[in-house]
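Asker: Predicted model and sequence below, questions to follow.
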Amino acid sequence: MNTVVAQLQRQFQDYIVSLYQQGFLDNQFTELRNLQDEGTPDFVSEVVSLFFDDCAKLINNMSRSLEQPENVDFKQVDSGVHQLKGSSSSVGARRVKNVCISFKECCDVHNREGCLRCLQQVDYEYKMLKTKLEDLFKLEQRILQAGGTIPQVDIK
Amino acid sequence: MGIVTESSQFHVLAVDDSLFDRKMIERLLQKSSCQVTTVDSGSKALEFLGLRESDDINDPNAPSTSPQTHQEVEINLIITDYCMPGMTGYDLLKKVKESAAFKSIPVVIMSSENVPARISRCLEEGAEEFFLKPVKLADLTKLKPHMMKTKLKKESEKLAKEENALLIPVIEEDSSVIEILPLSQELESEQHEPMLSSNKRKAMEEVISTDRSRPKYNDITTSV
């Protein structure tokens, strides 16, 4: 038995479970992992990467819409939040999704201050998740390079 | 193998303006053993089907001048996002259901918003299912019976066509009178030539025991 592999696998398992426990990820991320197989080993990382690209772009657009207090395009902001909520939900990015819920509420009542706060929060959350998942994927790579397989993790 | 019209796999056309969502639905469908084509708009979906907006949508025989005509591709299901710029999923649903050629293709709508009025409107317009995003693998298993229906229908239609191709000459022969004339007249007249070739064949078969053998008997008078 290769103890290096076992150790890495243990590390991976603990790390991913902690991400769920801390609310960064939810069941939908598990669904995503289940869609990945030997034929599509990069599916999760590709989809996640697309999601983060979307986040950056949408946040940037919404920021511009919210810039001028007298001239806020709430329709545009609403559209951005809608998209962000949809994709974060599909990826299993729980914290990001939750901020979007509050964000939408602020947008609905045309609360610019509230929107700006949510914008800041959503920016923080997606970047945090990005770092966490990058670490997770790095762990995966180390396991594979050491000749091991990625453990199937059962999140209760 | 080029474009295969008769495939054991279901072929789904997925429509969504979001690249992210297209990637998701594509993987979900592939995981469900479906062949997938993704497009990013309702108009591209219609183009892919070979149904351009400018065409007479009620005439399945209207020639398409588009070099991208994909009329040979058999689509077993269309799955589309509801919220799309330009043509919404609902608009696409309507266009498909109004088309004589494509109304039998089951359409499924996806949306990230749970709006009961929206859902019932889509179902009333003929959508088979309405999925809330994020769509799960389990949701797609609901689609198999719908896709099976159209595939079986198409296959039985094809079979019926093939059978008719064989049956028609027989039917026509039954209705036409093929007289077995006395030999002399049969050999003389060329009048029976303009029969349909298939009729002729059948007629030959019918007459064969008498007509063909007669000359023989004439020639061979003594042997039996």
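Answerer: Looks like it arrived, so ask away.
Asker: Give me the nearest residue to residue 126, chain neighbours excluded.
Answerer: If you meant another chain, say so; for now it's chain A. Once flanking residues are discounted, A:Y126 sits nearest to A:C55: 4.2 Å by Cβ to Cβ, 6 or more residues apart in numbering or on different chains. The way it works is simple: take the backbone N, C-alpha and C, and place the C-beta from them, glycine included.
Asker: actually it's chain B I care about, not the one you picked
Answerer: B:K97 (4.5 Å).
Asker: beta partners of the residue nearest the centre of chain A?
Answerer: What sits nearest the mean C-alpha location of chain A, by Cα atoms, centre = their mean, is A:A93, with 3.8 Å. Assessed by DSSP bridges, A:A93 has beta-bridge partners A:L25.
Asker: now stretch A:97-110, how far from the chain's geometric center?
Answerer: Per Cα atoms, centre = their mean, to the nearest Å, the displacement of stretch A:97-110 from the mean C-alpha position of its chain is 18 Å.
Asker: count of neighbours near the residue nearest to B:G126?
Answerer: Here the count is done by other Cβ atoms under 10 Å in any protein chain shown, and B:K97 has 15 residues near it.
Asker: does it sit in a helix or strand, and which one?
Answerer: helix B:89-98 (DSSP states H and E).
Asker: now A:G147
Answerer: A:G147 belongs to no helix or strand, assigned by DSSP H and E.
Asker: So which residues on chain A come close to chain B?
Answerer: A:28, A:31, A:34-35, A:37, A:40, A:43, A:46-47, A:50-51, A:54, A:82-83, A:85-87, A:89-90 (Cβ under 8 Å from any Cβ of the partner chain).
Asker: Off-centre distance for the longest helix along chain A?
Answerer: The longest helix of chain A (DSSP state H) is helix A:112-145. For helix A:112-145, the distance from its own C-alpha centre to the chain's C-alpha centre is 6 Å (Cα atoms, centre = their mean).
Asker: What residues sit buried inside it?
Answerer: A:112, A:115-116, A:118-119, A:121-123, A:125-126, A:129-130, A:132-133, A:136, A:139-140, A:142-143 (16 or more other Cβ atoms under 10 Å in any protein chain shown).
Asker: next one: stretch A:92-110
Answerer: A:92-100, A:102-104, A:106-107.
Asker: taking those residues one by one, which sit in helices?
Answerer: Per DSSP H, the subset of the buried residues of stretch A:92-110 in helices is A:94-100, A:102-104, A:106-107.
Asker: Now tabulate the residues you listed in CSV and tack on distance to B:E128 and pLDDT.
Answerer: Putting those into CSV (distance: Cβ to Cβ, whole Å; pLDDT from 0 to 100) gives the following:
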residue, distance to B:E128, pLDDT
A:R94, 31, 97
A:R95, 35, 98
A:V96, 32, 98
A:K97, 28, 97
A:N98, 33, 98
A:V99, 35, 98
A:C100, 30, 98
A:S102, 35, 97
A:F103, 34, 98
A:K104, 30, 97
A:C106, 37, 97
A:C107, 34, 97
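Asker: of those residues, closest to B:V12?
Answerer: A:K97 (27.2 Å; Cβ to Cβ).
Asker: For the closest one, list the residues it contacts.
Answerer: Applying Cβ atoms under 8 Å, 6 or more residues apart in numbering or on different chains to A:K97 gives the contacts A:85, A:88-89.
Asker: and which of these is nearest to B:V135?
Answerer: A:S89 (10.8 Å).
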